[in-house]
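Undergrad: predicted structure and sequence below. I'll ask about it afterward.
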Amino acid sequence: MQPSAAKQKVIVLDFGAQYGQLIARRVRDLHVYSEIMPCDASAAEIAAEQPSAIILSGGPASVYADDAPKIDPAVLELGAPVLGFCYGHQIMAVTLGGEVAHSEVGEYGPAKLYVDEDAEAGQASALFAGTPAEQTVWMSHRDAVSRAPEGFVVTSHTDVCPVASMECPEKRLYSTQFHPEVRHSEYGNQMLSNFLFNICGLEKNWTMSGLVDQKVAEIREKVGDHRVILALSGGVDSSVVAALCSRAIGKQLTCVFVNHGLLRKNEPEQVEEVFTKQFDIDFIHVHAEDRYAALLDGVTEPEQKRRIIGTQFWEEFFAVAKQLEEDGRPVQYLAQGTIYPDIIESGARKTGGKASTIKSHHNLIPFPEGVHFDLIEPLDHFFKDEVRELGLALGLPEHIVYRQPFPGPGLAIRIIGAVSPEKLEILKDADAIVREELDAYNQRLFEETGERNSEHSCWQYFAVLPDIKSVGVMGDERTYARPIILRAVESSDAMTADWAKIPYEVLARISGRIVAEVPGVNRVAYDITSKPPATIEWE
């Protein structure tokens with residue numbers, strides 16, 4: 001029996017893979033809804049999600065290591081088709097009685113794959129339908145399956161890996177040592193499509209407009225007649241959550257805008273105007289600029305800045321919640337604009353804790369003693385560009401949907417060293433010029449291509465103020481002033497990014513305007529580092 005198209009869901013079990021977060025994304029790109037669960041979820045927990053199919057991600061461990069992540073064997077007996085990649089391929093093999101061995105030679109990067117025909121049937125696996133007998137795939141392993149489990153057929157190999165893929169069609173179990181989810185695997189998308197539509201019998205029925213109805217219904221069912229509070233920054237993530245909650249529960253939602261004085265030029269005024277005139281919500285503007293300035297005075301260490309800003313933010317926020325309770329409007333739920341890259345960079349708190357912490361994140365909540373809210377995080381399985389699509393489906397204006405990503409700690413982590421009123425003014429003015437010029441550049445590209453994130457368009461761009469001064473000459477006089485660093489990147493999901501290839505004339509105009517219009521600046525530099533190894537933000 002095929003699953004109902006309206007209830008289709010692919011579950012990705014995350015074993016801490018380098019590319020694991022991309023699998024669910026690739027499935028959704030094919031218009032099938034997908035969510036991620038930790039690899040140690042029990043078969044009963046997974047069954048409760050009523051999966052149409054299950055995908056096992058890769059992972060960094062050896063399947064024979066003492067602390068290697070395992071899978072509940074019953075997951076492979078739920079009846080849903082299963083597809084494993086890399087570690088998922090190996091864990092499927094050993095769980096079902098096959099063997100994995102440590103290869104003398106590993107495979108890392110592109111590898112030539114040879115698809116094997118079934119000697120009896122005279123045809124290749126359904127997983128490889130429409131792909132050539134020889135193709136390039138992306139490998140990242142040293143361990144490899146040395147013996148497939150009983151009942152499995154080996155369907156491909158490389159010069160190094162004798163079991164590059166295997167399958168048991170009777171049980172609808174499939175696995176590959178390589179990574180189809182990575183773009184470097186030439187026909188990886190075709191294989192995912194073959195699995196979802198030919199093997200699993202699913203339909204392309206998932207769209208952002210359908211997601212709106214689903215999320216609104218989920219929020220409404222969860223909240224009931226309780227109240228919800230939301231920290232609204234004016235960025236796309238919190239704005240989309242506000243729009244979802246507003247549509248679901250109306251005036252049961254209170255949005256709190258904490259102004260820490262670290263926002264971009266004119267941004268507090270814009271946020272208040274948009275959310276008091278275009279949204280039917282309870283909007284509370286908290287002016288905390290002076291309190292933040294006092295707390296950050298002389299602080300130079302970036303993580304200390306983040307902790308101070310995050311701690312004070314929640315103190316301001318919880319003070320509003322307490323006042324609501326005293327006014328007879330107690331809050332049960334806290335809604336947040338957490339998206340999937342936030343979870344990965346904060347230590348994968350919803351994916352089994354397999355990822356390392358890159359930086360502390362403001363969406364990790366330090367509830368004070370005696371205070372607790374149930375969380376609503378409707379975007380926590382989605383990437384930034386997917387959130388933008390959802391915003392458009394909700395009818396949000398484009399200037400909100402395409403608003404620049406902005407960190408919770410604000411300009412404090414774009415000022416290297418201590419934050420001061422003088423530095424804030426310099427950075428706000430320089431950043432306004434950067435955004436004005438690159439907004440115009442992006443608009444020209446959009447008019448030429450019709451695509452918001454076309455090749456060479458800038459996905460995120462801003463100014464950074466380092467804690468140094470340099471010698472210059474202005475008006476025939478020596479200057480000793482601050483430099484500004486321009487950061488502009490091309491990306492789609494913030495997981496990886498490359499520096500934007502901005503035309504020289506645009507860079508020259510930005511540099512000329514900043515030096516001419518921003519007092520205290522005599523030099524502009526351009527950061528041409530990708531992510532990885534760098535992060536998009538400087539601190």
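TA: Nice, I can see it. Numbers count the residues shown, from 1 in each chain.
Undergrad: please count neighbours and contacts with C-alpha atoms only from this point.
TA: Fine.
Undergrad: looking at it, Glu289 is touching Pro268, isn't it?
TA: No - applying CA atoms under 8 Å, one finds Glu289 not in contact with Pro268, separated by 11.2 Å.
Undergrad: who touches both of the two?
TA: Common neighbours of Glu289 and Pro268, using CA atoms under 8 Å, 6 or more residues apart in numbering, are Asn259.
Undergrad: these two: who's more crowded?
TA: Pro268 (20 against 13; other CA atoms under 10 Å).
Undergrad: the longest helix seen in the chain: which residues count as buried?
TA: Longest helix in the chain, counting residues (DSSP state H): helix 421-449. Using 16 or more other CA atoms under 10 Å as the test for burial, helix 421-449 gives 423-424, 426-435, 437-439, 441-443, 445.
Undergrad: remind me which helix or strand Glu107 belongs to.
TA: Under the criterion of DSSP states H and E, Glu107 resides in strand 99-115.
Undergrad: can I get the helix or strand just after that strand in PDB, CA atoms only?
TA: Using DSSP H and E, the next helix or strand after strand 99-115 towards the C-terminus is strand 134-147. What follows is strand 134-147, C-alpha atoms only, in PDB (Å, rounded to 0.1, in the frame of the first residue of the first chain):
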ATOM      1  CA  GLU A 134      30.300   4.700 -15.300                       C
ATOM      2  CA  GLN A 135      29.900   7.900 -13.300                       C
ATOM      3  CA  THR A 136      31.700  10.200 -10.800                       C
ATOM      4  CA  VAL A 137      30.500  10.100  -7.200                       C
ATOM      5  CA  TRP A 138      31.700  11.800  -4.000                       C
ATOM      6  CA  MET A 139      33.300   9.500  -1.400                       C
ATOM      7  CA  SER A 140      34.600  10.200   2.100                       C
ATOM      8  CA  HIS A 141      35.600   7.000   3.900                       C
ATOM      9  CA  ARG A 142      38.300   4.500   4.900                       C
ATOM     10  CA  ASP A 143      36.100   1.800   6.400                       C
ATOM     11  CA  ALA A 144      34.000  -0.100   3.700                       C
ATOM     12  CA  VAL A 145      31.500  -2.900   3.500                       C
ATOM     13  CA  SER A 146      33.600  -6.100   2.800                       C
ATOM     14  CA  ARG A 147      30.600  -8.500   2.800                       C
END
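Undergrad: touching whatever helix or strand comes next after strand 134-147 from outside, list them.
TA: Following strand 134-147 in sequence order, the next helix or strand is strand 153-157 (DSSP H and E). Applying CA under 8 Å, 6+ apart, the contact partners of strand 153-157 are 113-118, 124-125, 148, 162-168.
Undergrad: who does the strand holding Glu107 pair up with?
TA: Partners of strand 99-115 in the sheet, by DSSP bridges, are strand 134-147 (antiparallel), strand 153-157 (antiparallel).
Undergrad: ok, which stretches of the stretch 201-350 of the chain are strands?
TA: 228-231, 253-259, 282-287, 333-335 (DSSP state E, counting those that start in this stretch).
Undergrad: coming back round to it: now the strand holding Glu107: buried residues?
TA: Residues of strand 99-115 classed as buried by neighbour count (16+ other CA under 10 Å): 99-100, 107, 110-111, 113-115.
Undergrad: re earlier: ok, of the strands paired with strand 99-115, where does mean pLDDT dip lowest?
TA: Note on these: strand 134-147 shows the lowest mean pLDDT, a mean of 85.
Undergrad: for Ile416, find the nearest of the strands of the stretch 201-350 of the chain.
TA: strand 253-259 (20.9 Å; CA to CA).
Undergrad: tilt between that closest one and strand 282-287?
TA: Strand 253-259 runs at 20 degrees relative to strand 282-287, counting by axes from the mean of the first three to the mean of the last three CA atoms, to 10 degrees.
Undergrad: give me the sheet partners of strand 253-259 and which way each runs.
TA: strand 228-231 (parallel), strand 282-287 (parallel).
Undergrad: and those, which is most packed in?
TA: Among those, ranked by average contacts under mean count of other CA atoms under 10 Å, first place goes to strand 228-231 (a mean of 25).
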